[in-house]
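Visitor: Just the structure for this:
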Amino acid sequence: MRRLPTALALTLLLGACASGANAGGSPAATDVSGARKARVDKNELINVGGWKLESAHGADRAGIDALFVENAAYELKFDRDQVSVVGGCNQLRGTYSGSKRMTFEVAIATRMACKDDRNLADQRMSELLNGSYGAELLESQPMRLRLTGDDGTVLVFVATPLQL
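Guide: As a prediction, this is how the structure comes out:
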């Protein structure tokens, strides 16, 4: 009869030790908002409907503001080592690599006749993405992909649902 209370006490003690080890969360595992950060996995990038630009800020505020023009909503779509960007006027295409540090090489793939502000936004998005970024996948609902450039530029993309 004494085995059951002893086993229960041991189980509770081990559970408390395990949760106490992660109670504070390390800076590498948790961001300021409490959302858990994960290594960016290509499957997680691919298995959503896309990644819509939610916010952008950095040292060159004027360049960032150019992205937010009327009727432009940028969205990244990943497929293996390819990335496409839509939402301004033209479609941008290119490659990406990495997980904790992602490198993008994109260019404008189409040459549509659009308003100058939308063409400027496409050009700026292409310039911004070309380069290397620290990448974090924030596991909140919905998931967010945060790209942080060496120059202080931060691009945050929110996952969109997969369309069936």
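
Visitor: From here on, just use CA atoms for contacts and neighbour counts.
Guide: OK.

Visitor: mind checking the SS state of the residue most central in space within the chain?
Guide: Nearest residue to the geometric centre of the chain (CA atoms, centre = their mean): residue 145, 1.1 Å. Of the three states, residue 145 takes strand under DSSP: H, G, I helix; E, B strand; the rest coil.

Visitor: can I assume it is in contact with residue 135?
Guide: Yes. Here residue 145 reaches residue 135: they are 7.1 Å apart, a contact under CA atoms under 8 Å.

Visitor: Where do the strands of this protein begin and end?
Guide: Here the chain has its strands, by DSSP state E, at 37-38, 50-57, 75-79, 82-86, 92-97, 101-108, 131-138, 144-149, 154-160.

Visitor: can you redo those as TSV with distance to residue 123?
Guide: TSV is the format used below for those (distance: least, CA to CA, whole Å):
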stretch	distance to residue 123
strand 37-38	31
strand 50-57	15
strand 75-79	15
strand 82-86	12
strand 92-97	9
strand 101-108	8
strand 131-138	14
strand 144-149	18
strand 154-160	16
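
Visitor: Compare these and say which comes out lowest on pLDDT.
Guide: Comparing mean pLDDT over those, the weakest stretch is strand 37-38, at a mean of 54.

Visitor: That'll do, ta.
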